[in-house]
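*Asks:* Provided below for reference: sequence and predicted model.
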Amino acid sequence: MEVTLDTTLGTLLDDPQAKQVLESYLPGITTNPLVAMAKGMSLRTILALPQAAQFGLTQEKVEEILAEINKRL
């Protein structure tokens, strides 16, 4: 399964390998209470939110994370 910007955050969090990559790039992201509200959103939608900047999420960073996840899956 290839993950893309259209993959939901919940799908990534349900996969142990993807979750590990997310945590390595964004420490604490998988346990942040705000993440529960975003599980049904695609990464593209999350990037469009102003709160994405609070987590250090940029288009470039998400593409880097996706590339790493796709290497491991």
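*Replies:* Structure's in. What do you need?

*Asks:* contacting residues around residue 5?
*Replies:* Residue 5 is in contact with 42, 43, 44, 47, 62, 66, counting by C-beta atoms under 8 Å, 6 or more residues apart in numbering. C-betas here are computed from N, CA, C, even on glycine.

*Asks:* The nearest residue to residue 13 once chain neighbours are set aside: how many residues sit nearby?
*Replies:* Distance criterion C-beta to C-beta, 6 or more residues apart in numbering; nearest residue to residue 13, sequence neighbours excluded, is residue 19 at 5.4 Å. Around residue 19 sit 15 other residues, with neighbours defined as other C-beta atoms under 10 Å.

*Asks:* cool, residue 29 as well?
*Replies:* The number of residues packed around residue 29, counting by other C-beta under 10 Å, is 19.

*Asks:* show me what contacts it?
*Replies:* Residue 29 makes contact with 22, 23, 35, 55, according to C-beta under 8 Å, 6+ apart.

*Asks:* one more time with 6 Å, if that's ok
*Replies:* Contacts for residue 29 were tallied using C-beta atoms under 6 Å, 6 or more residues apart in numbering; they are residue 22.

*Asks:* Just the buried residues of the top helix by length along the chain, please?
*Replies:* Using DSSP state H to assign secondary structure, the helix with the most residues in the chain is helix 59-72. When neighbours are counted by 16 or more other C-beta atoms under 10 Å, the buried residues of helix 59-72 are found to be 62, 65, 66, 68, 69.

*Asks:* wait, isn't the last one in contact with residue 2?
*Replies:* Pointing back at residue 69 there. No: when contacts are counted by C-beta atoms under 6 Å, residue 69 is not listed as touching residue 2 (9.1 Å).

*Asks:* helix/strand/coil for the spatially closest residue to residue 34 that is not a sequence neighbour?
*Replies:* Distances taken as C-beta to C-beta, 6+ apart place residue 51 nearest to residue 34, at 7.3 Å, with adjacent residues excluded. Three-state secondary structure (criterion: DSSP: H, G, I helix; E, B strand; the rest coil) places residue 51 in helix.
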